[in-house]
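Peer 1: fold the following.
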Amino acid sequence: MELSDRNLAEASIVEIAVVLTDYTLRKKVVGPHFVIQTDLDTITDERTKERFEESGLMFDMQEGSSSVTVADAEKQILKFLRGEGIV
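Peer 2: Numbering: from 1, shown residues only. Below is the predicted model:
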């Protein structure tokens with residue numbers, strides 16, 4: 001999970017992925033990965049902006065590049081986990 005800010009009180013989710021592992025943390029199933037559509041003006045921390053620009057996440061979050069909302073991601077992740085017998 002990637003957050004929009006280092007200040008957790010101000011942060012929102014901008015990227016989330018699911019990987020299921022066994023008890024030794026060996027990867028068993030790679031689940032969904034989402035980049036959340038985000039208003040880039042809400043990312044005010046310069047170090048976070050630089051990191052997101054370097055990784056390409058800033059572009060991926062822009063309107064038009066991502067249409068996924070947090071609610072959309074939540075629904076899809078829960079559906080995936082149910083399908084795997086987790087929830």
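Peer 1: hey, where'd the helices end up in this structure?
Peer 2: 46-55, 57-61, 70-83 (DSSP state H).
Peer 1: okay, the ones you listed, which one's buried deepest?
Peer 2: Greatest average neighbour count among the helices of the chain goes to helix 57-61 (a mean of 18), per mean count of other CB atoms under 10 Å. Placement of C-beta: from N, CA and C, glycine included.
Peer 1: mind listing residues that contact it?
Peer 2: Helix 57-61 is contacted from outside by 2, 14-15, 35-38, 40, 43, 49, 51-52, 65-66, using CB atoms under 8 Å, 6 or more residues apart in numbering.
Peer 1: ok, back up a step: can you put the helices of the chain in CSV and add distance to residue 31 and mean pLDDT?
Peer 2: Formatted as CSV, these follow (distance: least, CB to CB, whole Å; pLDDT from 0 to 100):
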stretch, distance to residue 31, mean pLDDT
helix 46-55, 20, 91
helix 57-61, 18, 86
helix 70-83, 5, 96
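Peer 1: for residue 29, find the nearest of those.
Peer 2: helix 70-83 (8.8 Å; CB to CB).
Peer 1: and the end-to-end length of stretch 54-67?
Peer 2: From its first residue to its last, stretch 54-67 covers 21 Å (CA to CA, to the nearest Å).
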